[in-house]
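# need a structure here:
(one chain, ligands or ions: 1)
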Amino acid sequence: MNRKSFIKKAAMVAATGGLLLPSCTGHKEKTNEGLDLSTRYKWKMVTTWPPNFPVLGEACQLFAEWVNQMSAGQMTIKVYGAGELIPALEVFDAVSSGASEMGNGAAYYWAGKAPSAQFFTAVPFGMNAQQMNAWIYRGDGMKLWHTLYKNFGLLPFPAGNTTMQMAGWFNKEINSMDDFKGLKMRIPGLGGKVLAKAGGTAVLSSGNEIYSNLERGVIDATEWIGPYHDYIMGFHKIAKYYYSPGWHEPGSVLENIFNLKAFSELPYHLQVILETASARMNIWVISEFEAKNNEYLQKILAEKQVEIRQFSPEILATLKKHTNDVLSELAESDPFAKEVYTSFTNFASGIRNWASYSEKLYHEL
Ligand code: CA
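All right, here's what the predicted structure looks like:
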């Protein structure tokens with residue numbers, strides 16, 4: 001595109017006054033004609049997080065506040081922590097059925113309903129937070145995600161990212177792939193499948209059991225999130241080693257899900273507010289995780305109760321090989337999973353090449 005046509009196109013985009021993000025909901029066809037400001041909307045938001053859960057639960061409360069402020073009180077949203085209205089893992093169904101107008105969680109929790117949902121949170125050795133945003137907002141990610149969730153009467157938007165996680169807490173040294181043999185580790189989802197290929201056992205433990213299971217030796221290792229949440233869990237008091245990097249969750253996307261019918265029936269300006277507040281939530285969560293993880297890693301280092309280690313390049317290369325097998329199997333599970341896998345892996349390999357000229361060199365300074 002030459003300079004003149006670029007400027008012309010930019011002026012056209014500005015004139016339409018559309019969203020900054022390419023909307024996949026048909027927003028740009030709609031207008032605020034006959035704007036209705038009189039009807040009040042009182043919505044529920046069910047979440048997969050314990051009440052007041054650091055960062056993730058806080059972000060839901062902030063979202064509700066922002067929507068209230070932006071809509072001048074026309075829309076109020078009451079946030080429910082897991083177990084307050086429904087259990088955590090019923091969020092998807094509750095929003096799908098319209099029992100709750102919206103929810104917050106992570107797409108990989110719904111792998112049992114749609115295997116390809118996992119690509120919209122994180123897959124092992126996948127993309128980091130900014131790369132996931134690039135795929136979702138500017139690549140085909142959002143379109144594919146909307147297509148998948150439409151089958152369930154849902155509309156998803158990204159609403160945060162945990163950023164790079166840590167590999168986890170271990171009471172055994174991991175010096176070679178042999179050390180994974182017989183390792184009992186709490187690691188959910190695809191990471192758990194990769195561990196199984198390496199000869200370990202993925203053990204399911206709910207959040208409140210993990211600490212006592214690790215302390216009593218029921219498990220040898222656990223992953224959780226990153227330094228901030230991990231410190232709150234107290235793992236540094238009972239584990240010998242804290243390994244990095246979080247190869248299994250390099251940037252897990254959190255989601256706001258809306259009941260498609262409830263969303264479509266809203267006046268256009270409220271739809272824009274919900275989409276925009278979700279994007280603000282995305283930025284808030286990423287910033288919070290980055291700042292807090294830094295702060296708490298320093299605490300963990302200063303307290304010297306745990307040794308911080310890195311997996312060797314050989315270990316990471318082997319885990320990556322197992323991951324490729326796990327992802328290929330996932331892609332074969334249904335035709336749509338294959339489509340998402342192809343889009344994801346093509347985008348990831350392209351953007352990783354770009355990063356090799358940019359971020360990677362910069363981080364080595
Ligand atoms: Ca995790």
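
# ok, which stretches of the stretch 201-350 of the chain are helices?
Using DSSP state H, counting those that start in this stretch, the helices of the stretch 201-350 of the chain run over 210-215, 227-233, 260-264, 268-303, 313-331, 335-357.

# tell me if the longest one is near the ion.
Think helix 268-303. No. For helix 268-303 and the ion, the contact criterion (CB under 5 Å from the ion) is not met; the two come no nearer than 12.0 Å. In this view, the C-beta of every residue, glycine as well, is placed from N, C-alpha and C.

# so which bits of that helix are buried?
Neighbour counts using 16 or more other CB atoms under 10 Å place 268-279, 281-282, 284-286, 288-290, 292-293, 296-297, 300 of helix 268-303 among the buried residues.

# give the contact list for residue 90.
Residues near residue 90 by CB atoms under 8 Å, 6 or more residues apart in numbering: residue 46.

# the closest residue to the ion within the stretch 51-200 of the chain: how many residues sit nearby?
Residue of the stretch 51-200 of the chain nearest the ion, by CB to the ion: residue 165 (5.0 Å). Per other CB atoms under 10 Å, the neighbour tally for residue 165 reads 26.

# who does the most centrally placed residue in the chain bridge with?
Taking CA atoms, centre = their mean, the centroid of the chain lies closest to residue 253, which sits 1.7 Å from it. Residue 253 has these beta-bridge partners by DSSP bridges: residue 161.

# picking that back up, for the residue of the stretch 51-200 of the chain closest to the ion, give me its contacts.
Counted by CB under 8 Å, 6+ apart, residue 165 has contacts 223, 224, 225, 226, 246, 248, 249, 250, 252.

# from residue 256, how far out is residue 272?
14 Å (CB to CB, to the nearest Å).

# equivalent analysis for residue 165, please.
In terms of CB to CB, residue 165 sits 21 Å off from residue 256.

# so the residue nearest to the centre of the chain makes contact with residue 121?
Yes. The pair formed by residue 253 and residue 121 meets the contact definition of CB atoms under 8 Å, at 5.2 Å.

# that older thread, got a list of what the residue nearest to the centre of the chain touches?
By CB under 8 Å, 6+ apart, the residues touching residue 253 are 106, 107, 120, 121, 122, 129, 132, 136, 158, 160, 161.

# residue 159 now?
For residue 159, counting by CB under 8 Å, 6+ apart, the contacting residues are 59, 63, 104, 254, 255, 256, 278, 281, 282, 285.

# hang on, the earlier thing: including mean pLDDT, could the helices of the stretch 201-350 of the chain go into CSV?
Formatted as CSV, these follow (pLDDT from 0 to 100):
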stretch, mean pLDDT
helix 210-215, 96
helix 227-233, 98
helix 260-264, 98
helix 268-303, 98
helix 313-331, 98
helix 335-357, 97
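
# tell me which of those helices sits nearest to residue 75.
helix 268-303 (5.6 Å; CB to CB).

# how far away from the center of its chain is the closest one?
Distance of helix 268-303 from the chain centroid (CA atoms, centre = their mean, to the nearest Å) equals 11 Å.

# same check, this time on stretch 225-245
For stretch 225-245, the distance to the chain centre is 20 Å (CA atoms, centre = their mean).

# what do you get for stretch 89-99?
18 Å.

# in that stretch, which residues are buried?
Those would be 90, 91, 92, 93, 94, 95, 96, for stretch 89-99 by 16+ other CB under 10 Å.

# in TSV, list those along with secondary structure, pLDDT and distance to the ion.
Output for the buried residues of stretch 89-99, formatted as TSV (DSSP: H, G, I helix; E, B strand; the rest coil; pLDDT from 0 to 100; distance: CB to the ion, whole Å):
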residue	secondary structure	pLDDT	distance to the ion
90	helix	97	21
91	helix	98	18
92	helix	98	19
93	helix	98	23
94	helix	98	23
95	helix	98	23
96	helix	98	25
